[in-house]
Each structure stands twice: as structure tokens, then as C-alpha cells.
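Engineer: Just to be clear, the model below is a prediction. Sequence and coordinates:
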Amino acid sequence: MSDDIGPVLVTGGTGTLGRRVVPKLLERGREVRVLSRRAHAADRSAQSVPMSQTGVPVPQWATGDLTTGKGLDAAVAGVSCIVHCATTGSGKDIDATRALIEAARRAGGRPHLVYVSIVGVDLVPLFYYRAKLAAEKTIEDCGLPWSILRTTQFHDLLARITTVQRRSPVTLYPAGMSAQPIEVDEVAQRLVELASGEPAGRVADMGGPEVHTMREFALLTLRAHGMRRPLLPVRLPGRAARAYRAGHHTTPGHAVGVRTYSEYLAAVTSGRAR
Ligand SMILES: NC(=O)c1ccc[n+]([C@@H]2O[C@H](COP(=O)([O-])OP(=O)(O)OC[C@H]3O[C@@H](n4cnc5c(N)ncnc54)[C@H](OP(=O)(O)O)[C@@H]3O)[C@@H](O)[C@H]2O)c1
């Protein structure tokens with residue numbers, strides 16, 4: 001795919017993943033438009049190839065909401081690719097994805113849709129995962145060119161499970177479960193490669209370099225933050241928990257991630273996090 005065509009729209013470009021995608025696209029010389037529900041002070045949408053005062057390219061901003069549909073027509077106008085990283089964190093992701101596709105269709109072009117999904121969305125019966133699976137299906141059937149990447153959990157999500165309990169005298173962890181977290185920057189890099197190439201359909205899943213038990217992740221996190229707490233296993237009930245215990249959210253056959261969880265923690269605690 002040529003790099004000198006229309007801008008790339010990044011939905012969720014202010015989120016954990018999307019804010020890593022945006023600078024990587026700019027570094028490749030792509031014109032980038034970021035969709036956000038909030039108006040951003042540095043709105044330079046009037047400029048076709050915006051530059052900061054230091055001469056470094058910066059993104060355009062489009063204010064819009066995938067849930068209400070507000071601002072979407074302007075956001076998708078003229079784009080050649082949409083990297084769809086926005087998430088409502090709920091079942092609304094399916095309607096949000098439909099609204100995005102409908103706006104893209106109204107605009108009349110054929111933008112390449114690049115969607116990030118989660119390993120196990122088809123096997124772990126969570127409401128959120130069902131919405132992501134339905135969003136995948138909607139993209140596959142929408143008639144626009146598409147690429148879909150499923151990844152495992154990002155390192156920071158794993159860390160939060162333990163750090164949110166910092167005021168508790170004990171640290172709880174889900175018994176019998178493992179995880180395979182991945183560096184978010186590596187996922188962002190892969191999405192940029194997909195956005196820069198031909199539509200690839202469902203590509204190989206992307207998992208972190210190591211599978212460890214949740215107990216091990218909790219221990220590593222406590223140690224990295226200099227915290228000492230007794231660890232307490234909690235057996236979670238329900239079908240989704242059973243699917244997690246079966247490891248359906250991991251992909252050991254695709255352990256392509258490079259940065260380990262320990263390396264991530266070392267970078268965070270020394271202030272070097274990417
Ligand atoms: N986190 C993980 O471990 C993980 C693992 C695998 C896959 N994923 C997938 O990766 C994607 C990004 O996740 P993330 O963790 O980066 O999410 P995040 O940090 O929670 O960011 C969510 C983003 O969505 C935008 N957003 C939310 N509601 C919106 C709406 N109604 N209209 C427009 N934009 C909206 C927010 O933008 P504003 O607030 O600026 O509007 C924000 O940029 C998601 O699809 C998620 O399922 C995540």
C-alpha cells in the first residue's frame with residue numbers, strides 16, 4: 001500500500017495502545033487523525049500535514065463519539081485506513097464498531113480497517129469478549145478491506161491486578177490461572193505494520209514471551225514495587241473463570257512478544273517505561 005494516500009484515522013488514539021500507535025505512524029511519514037470524545041487543545045485539523053513548533057509532525061484531532069455517532073462523518077472523511085483501538089470497555093463495542101463502519105461507508109471510500117481484538121474472544125464467555133467477537137464478525141462481513149489482530153493482555157493490565165490492592169494487607173490472586181502478557185509497544189508496532197500493508201484478514205495471534213501463573217505475576221509485581229504482602233488465592237466461580245483456568249486467553253504457540261514482564265516492571269519502577 002502506498003504511504004502517500006489519505007490520512008490514517010486512529011480511534012482510541014488517546015488510550016493505552018492507541019497513543020503508542022500514533023507516533024509510530026507519524027514516524028513512517030503517515031498523516032494521522034486521532035478520534036477522541038474530548039476536544040484537544042492542539043487541534044490542528046485545518047492543516048493538511050501539521051507540524052509542531054519543533055518541526056516534528058503531530059496528529060490532527062477529530063472530536064467524535066462512537067456511541068452517539070457525533071462527529072464520525074468528519075472523522076472518517078478522506079481516510080485511507082482506520083486503526084480501530086477505541087473501546088468502551090463494555091458490550092457497547094459492537095455498536096461502536098458498527099457506527100464507525102457506517103460512517104466509513106457513507107464517506108464513500110474503501111479504507112482499510114485494522115482492528116485489535118483479544119486472544120480467546122471466541123472461547124471465554126465474557127460479555128465484553130462477546131461484543132469484541134461480534135465486532136470482528138461485523139468487520140469481516142462489512143465489505144471494506146480489513147485486518148484483525150488478536151493479542152493477549154498488555155503488561156500494565158496484569159500489573160494493575162496487584163497494584164490496585166496496594167492498600168490491602170493481603171494480595172489476592174485468581175487461583176489456578178495463568179497469563180501471557182505482552183508489551184503494548186510491540187502490539188502498536190504490529191498494528192502499524194498492518195496499517196502500512198495490504199489488508200491481511202485475520203493475522204496470526206500475538207502473545208507475550210512467557211506464560212506464568214497469576215501467583216508468579218503477583219509476586220513479581222509486589223517485589224518490583226518493594227511491597228511485602230501475604231498472597232491469597234481466590235477461586236473464581238463461573239464459566240468465564242473456568243475458560244481462563246483452561247488458558248483460553250493465552251496462546252503459547254504464538255509467544256512472539258520480546259519484552260518480558262520482569263523487564264516491563266524494571267522499566268516502570270525505574271521510570272523508563274515506554
Ligand atoms: N488492555 C489490554 O490488555 C488489551 C489486550 C488485548 C486487546 N486489547 C484491545 O486493545 C484496544 C485498546 O485497549 P486500551 O487498553 O488501549 O484501551 P483504553 O486505554 O481503555 O483506551 C480506550 C480508548 O477508547 C476511546 N473511547 C472510549 N469510548 C469511546 C467512544 N464512545 N467514542 C470514541 N472513542 C472512545 C478513548 O478515547 P477518549 O477517552 O479520548 O474519547 C480511549 O482512547 C481495545 O480494543 C482492547 O479490547 C486490550
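Structural biologist: That came through, no problem.
Engineer: Please make it C-alpha for all contacts and neighbour counts, starting now.
Structural biologist: Fine.
Engineer: Confirm that Tyr264 sits in a helix.
Structural biologist: Yes. Tyr264 forms part of a helix when assessed by DSSP: H, G, I helix; E, B strand; the rest coil.
Engineer: Could you measure from it over to Val184?
Structural biologist: 10 Å (CA to CA, to the nearest Å).
Engineer: do Ala218 as well
Structural biologist: 19 Å.
Engineer: Show me the helices in the stretch 151-274 of the chain, by range?
Structural biologist: 155-163, 184-196, 214-224, 239-245, 261-269 (DSSP state H, counting those that start in this stretch).
Engineer: can you list contacts of the shortest one?
Structural biologist: Right, the one you point to is helix 239-245. Outside helix 239-245, the residues that touch it by CA atoms under 8 Å, 6 or more residues apart in numbering are Leu123, Val124, Pro125, Leu126, Gly176, Met177, Ser178, His249.
Engineer: What residues sit buried inside that helix?
Structural biologist: Ala240, Ala241, Arg242, Ala243, Tyr244, Arg245 (16 or more other CA atoms under 10 Å).
Engineer: Also stretch 223-233?
Structural biologist: Here stretch 223-233 shows Ala224 as buried, counting by 16+ other CA under 10 Å.
Engineer: again, but for stretch 245-255
Structural biologist: Across stretch 245-255, burial judged by 16+ other CA under 10 Å covers Arg245, Gly247, His248, His249, Thr250, Thr251, Pro252, Ala255.
Engineer: Against Leu66, how distant is Arg37?
Structural biologist: For Arg37 relative to Leu66 (CA to CA), the value is 8 Å.
Engineer: joint contacts of those two?
Structural biologist: Common neighbours of Arg37 and Leu66 (CA under 8 Å, 6+ apart) do not exist.
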